[in-house]
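In: take a look and give me a structure for this.
(one chain, ligands or ions: 4)
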Amino acid sequence: MASARLSRKTGVIVGDDVLALFNHARENKYAIPAINVTSSSTVVASLEAARDAKSPIILQMSQGGAAYFAGKGVPNGDQSASIAGAIAGAHYIRAVAPAYGIPVVLHTDHCAKKLLPWFDGMFDADEAYFKEHGEPLFSSHMIDLSEESVEWNLKTTAHYLKRAAPMKQWLEMEIGITGGEEDGVNNESVDNNSLYTQPEDIYEIYKTLKPISPYFSIAAGFGNVHGLYKPGNVKLHPELLGKHQKYVKEQLKTDDEKPVTFVFHGGSGSSKKEYLDAISYGVVKVNVDTDMQFAYLAGIRDYVLSKKDYLMTPVGNPDGEDKPNKKFFDPRVWVREGEKTMSKRVTEALNDFNCTGQL
Ligand SMILES: O=C(CO)COP(=O)(O)O
Ligand SMILES: O=C[C@H](O)COP(=O)(O)O
Ligand SMILES: [Zn+2]
Ligand SMILES: [Zn+2]
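Out: Ligands and ions are numbered 1, 2, ... in the order given. A predicted model of the protein is given here:
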């Protein structure tokens, strides 16, 4: 199968390249993993896996992840740390991505109503970057007003899409609530019905947003939950996405079987079948965070536990009391172990989503 036709084949891609990549994914039934990154280390772990798999990749920063990029010690009451951290992360990713020879979508995750100052700060940076370079700093953002009324969600999303459109910037929006927890918003007790989106809502969104810009996608709830839970506790219904596509196709009277571009949230802990079913109904992006966090820990944890006797003092270990331990406690050694196990988990996601070898 021919790969997506991109004008920029390596580094952060924007505008029509993002559209071409997502269209190619939808037509060829694969999805691109969106990995939540919080540091240069988690960025390189993700890029390395995508490079080795000859795959595109999406790197995203949450509001909390962006603040972490700036430093946990920076006050963030006015979102200034999240703004500065997201911008710093974006410049870092832009600088390093070309070294990996793959296209990278640079994205930001859930932005709820109370976090809109974060959004505005990033948009200011996008517009300043656009003035200088003719493209936005970020490939795309997510706005998540799914806690609000559908009317307000759609009106406000449309407002931001109008701001993004001249830059050909992608906007992901959410309808239907993702359960579990995201960025301090606790949706653990949300009633089941609001976890599933209705087809009429999807058509309404499509009808409102499409005339503004073609660069948008919908994270539609089909039972998705953030985090990892006991097997059986989460009931996904990816077939609902198929119903949405059918309904929108009928309303539009188009031949296009999959007019809508969907995003799958809460990807951790799902089965390969759930991924592939969702992908067959037009999902082009699957978010995986919790599984990556655990994978990153695993390498570091196992290293520390197995090398414990080499890590208690800077000098002196079972090989001799005068033996230096520098080569064991250098962060490039033990942090690297986390990168390796996280990278492996990214490889698994690329395989599960049919993304491997798509370049
Ligand atoms: O949806 C996500 C980020 O927006 C990730 O969800 P998980 O942590 O369940 O993988
Ligand atoms: O919302 C889901 C993502 O997993 C982001 O998580 P976070 O807010 O802990 O960074
Ligand atoms: Zn949400
Ligand atoms: Zn999410």
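
In: find the nearest non-adjacent residue to K326, please.
Out: Excluding the flanking residues, the one nearest K326 by Cβ to Cβ, 6 or more residues apart in numbering is P314, at 7.2 Å. Quick note: C-beta positions are derived from backbone N, CA and C, even for glycine.

In: would you agree the one you found is in contact with F328?
Out: No: counting by Cβ atoms under 8 Å, F328 is not a contact partner of P314; they are 9.8 Å apart.

In: looking at those two, which is more packed in?
Out: Neighbours of P314 and F328, each counted by other Cβ atoms under 10 Å, are more numerous for F328; the result is 18 against 10.

In: ok, and the closest non-adjacent residue to the more buried one?
Out: The spatial neighbour of F328 that comes closest, neighbours along the chain excluded (Cβ to Cβ, 6+ apart), is Y310 at 4.1 Å.

In: with I57 instead?
Out: In space, I57 comes closest to A50 once its chain neighbours are excluded; the distance is 3.7 Å by Cβ to Cβ, 6+ apart.

In: same check, this time on L59
Out: In space, not counting the residues next to it along the chain, L59 is nearest to V37; the distance is 5.0 Å by Cβ to Cβ, 6+ apart.

In: from N354, how far out is that neighbour?
Out: For V37, the distance to N354 (Cβ to Cβ, to the nearest Å) stands at 22 Å.

In: could you pull out the buried residues of the longest helix seen in the chain?
Out: Using DSSP state H to define each element, the chain has its longest helix at helix 331-352. Residues 334-343, 345-350, 352 are the ones in helix 331-352 that count as buried (16 or more other Cβ atoms under 10 Å).

In: would you mind writing the CA trace of that helix as PDB?
Out: Provided in PDB are the C-alpha atoms of helix 331-352 (Å, rounded to 0.1, in the frame of the first residue of the first chain):
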ATOM      1  CA  PRO A 331      20.700   8.900  35.300                       C
ATOM      2  CA  ARG A 332      21.600   8.100  31.700                       C
ATOM      3  CA  VAL A 333      21.800   4.500  32.800                       C
ATOM      4  CA  TRP A 334      18.700   4.000  34.900                       C
ATOM      5  CA  VAL A 335      16.400   6.400  33.200                       C
ATOM      6  CA  ARG A 336      17.400   4.800  29.900                       C
ATOM      7  CA  GLU A 337      16.000   1.500  31.300                       C
ATOM      8  CA  GLY A 338      12.600   3.200  31.500                       C
ATOM      9  CA  GLU A 339      13.000   4.500  28.000                       C
ATOM     10  CA  LYS A 340      13.600   1.000  26.700                       C
ATOM     11  CA  THR A 341      10.600  -0.600  28.300                       C
ATOM     12  CA  MET A 342       8.400   2.400  27.300                       C
ATOM     13  CA  SER A 343       9.700   2.200  23.800                       C
ATOM     14  CA  LYS A 344       8.700  -1.500  23.700                       C
ATOM     15  CA  ARG A 345       5.200  -0.600  24.700                       C
ATOM     16  CA  VAL A 346       5.000   2.000  22.000                       C
ATOM     17  CA  THR A 347       6.100  -0.600  19.500                       C
ATOM     18  CA  GLU A 348       3.300  -2.800  20.700                       C
ATOM     19  CA  ALA A 349       0.700   0.000  20.200                       C
ATOM     20  CA  LEU A 350       2.100   0.700  16.700                       C
ATOM     21  CA  ASN A 351       1.600  -3.000  15.900                       C
ATOM     22  CA  ASP A 352      -1.900  -3.200  17.500                       C
END
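
In: helices or strands next to it in the packing?
Out: For helix 331-352, the elements it packs on are strand 32-36, helix 40-53, helix 272-280, helix 290-306, judged by 3 or more Cβ pairs under 8 Å, 6 or more residues apart in numbering; DSSP states H and E.

In: look up phi and psi at the closest residue to ligand 2 within the stretch 251-359 of the chain.
Out: In the stretch 251-359 of the chain, the residue found nearest to ligand 2 is D289; the distance is 3.4 Å by Cβ to the nearest ligand atom. In terms of degrees, to the nearest 10, the main-chain angles of D289 are phi -120, psi -60.

In: for the closest residue to it other than its chain neighbours, report the pLDDT, please.
Out: Distance criterion Cβ to Cβ, 6+ apart; nearest residue to D289, sequence neighbours excluded, is N36 at 4.0 Å. Turning to N36, the model gives it a pLDDT of 98.

In: surely N36 meets D291?
Out: No: distance between N36 and D291: 10.4 Å, which falls outside the contact criterion (Cβ under 8 Å).

In: okay then, goodbye and thanks.
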